[in-house]
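Trainee: Dropping a prediction and its sequence here:
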Amino acid sequence: MAHSFFAYIFRMRHIARWALMRNTRTENVEEHSYEAAVLSHALAAIGRDVFGKDLDPDKIAAAALFHDAPEIITGDMPTPVKYHNPSLQNAYKQVEAAAQDKLLSMLPPELVPAYGPLVRESDPEIRRYVKAADKLSAYIKCAEELKAGNAEFKMAAEQTMAALKAMEMEELDWFMERFLPAFSLTLDELQ
């Protein structure tokens with residue numbers, strides 16, 4: 001029997017992000033998931049190595065790779081729509097849970113225990129780091145668009161930065177202080 005889980009996962013590259021915004025460079029869910037994995041790994045490594053927390057950066061990065069997997073089925077619901085009101089937010093959570101179930105049904109039963117926690121984001125501590133990385137990735141996208149002269153991302157950048165600060169994560173603050181300024185540099189300036 002053929003199983004289609006991984007064929008679906010590889011379709012993340014076809015799901016566009018920021019659909020309501022004019023973009024200077026389009027972004028898809030696959031590349032965003034990679035960025036979220038890199039950033040969540042960094043946040044967890046900072047938590048472990050700088051702040052002495054018992055974290056597994058590799059496990060957290062793996063979860064980030066799959067954090068938007070349901071969007072293969074649902075599409076990318078823009079944040080202003082998804083969080084417009086509690087009733088819409090609850091309805092979307094139900095749709096997302098159904099998409100998670102559908103994806104997991106595409107695996108052989110022996111692999112569901114390995115991928116279920118990743119697709120469902122079932123560990124709250126891991127989910128917290130992935131959410132922080134998700135927001136950080138969104139802020140970096142906004143900063144890149146602003147750097148390219150696209151003022152359409154100004155409000156999104158401000159709102160995303162406010163959301164990052166509201167998370168009150170010392171790892172996030174540590175990362176942003178030390179690494180975020182470099183994202184505004186050109187390639188020549190980075191060298």
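Mentor: Structure's in. What do you need?
Trainee: any idea how far the closest residue to residue 145 other than its chain neighbours is from residue 141?
Mentor: Of all residues not flanking residue 145 in the chain, residue 153 sits nearest, at 3.9 Å (Cβ to Cβ, 6 or more residues apart in numbering). For every residue, glycine as well, the C-beta is placed using N, CA and C. Using Cβ to Cβ, to the nearest Å, one obtains 8 Å as the distance from residue 153 to residue 141.
Trainee: sorry, back to before: help me confirm that the residue nearest to residue 145 comes into contact with residue 140.
Mentor: No. Using Cβ atoms under 8 Å as the test, residue 153 is too far from residue 140 to be in contact (11.0 Å).
Trainee: So which of these two has more stuff around it?
Mentor: Applying other Cβ atoms under 10 Å to residue 153 and residue 140 shows that residue 153 carries more neighbours, namely 24 against 17.
Trainee: got the contact list for that one?
Mentor: 21, 141-142, 145-146 (Cβ atoms under 8 Å, 6 or more residues apart in numbering).
Trainee: Which one of those residues is nearest to residue 71?
Mentor: residue 141 (15.7 Å; Cβ to Cβ).
Trainee: Okay, residue 171 and residue 119: tell me how far apart.
Mentor: Counting by Cβ to Cβ, the gap between residue 171 and residue 119 amounts to 24 Å.
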